[in-house]
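Engineer: how would this look folded up:
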Amino acid sequence: MASPKQVQVVVDLHQTFTERDVPEFVTHLTDDVILRPSTLIAGREEYRGVEDVKKGFRELRDLLDSRGEDVTVEPLRFYVDRGDDDLVVSLTRVTVTRADDKPYSADLLYTWRMNGEKVAELSASLDVDAGMEQLADAEEVEPAI
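Structural biologist: Residues are numbered from 1 along each chain as shown. Below is the predicted model of the structure:
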């Protein structure tokens, strides 16, 4: 089962993403990280390595600025798998606020594969139920705040 510190890393990543704190965000990633975020947020399907993640943040910033939009990621729940020491799952609400101030929200499930206290891989699923099926023995956890 993932440690409380690993869960806290995922909590921090949600916060640093919403704040666009790229230097802090990448401190939580392995050098060879693979991120597969939802294209609902990101312009690309995959980012490989810390430098590519930094480039992706710049691309996202430019895209949002050009459209007059903003995006926030609000974690709703966190899960670990009792049989997997390196897996943290977060159920999140992603909200894109458009230029006309009309928000669009969707719930996504993020699966975070950890390597120690850093993220080695991230994948996203719009199908929350299918994403939860990846957990053999799920336990909801409360992060230490």
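
Engineer: All the helices of the chain, in order from the start?
Structural biologist: Remark: helices assigned in the chain by DSSP state H are 4-19, 22-26, 50-67, 128-132.

Engineer: Contacts for the longest one, please.
Structural biologist: Under the criterion CB atoms under 8 Å, 6 or more residues apart in numbering, residues 20, 22, 25-26, 29, 31, 33, 35, 41-44, 47, 70-71, 98-99 lie in contact with helix 50-67. (Each C-beta comes from the backbone N, C-alpha and C, glycine too.)

Engineer: For PyMOL, write the selection for the buried entries among these.
Structural biologist: Provided next is the PyMOL selection string for whichever of the contacts of helix 50-67 are buried by 16 or more other CB atoms under 10 Å:
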select buried, resi 22+25+26+29+33+35+41+42+47+70+71
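
Engineer: Residue ranges in the chain under the pLDDT threshold?
Structural biologist: Along the chain, segments meeting pLDDT under 70 span 40, 42-43, 145.
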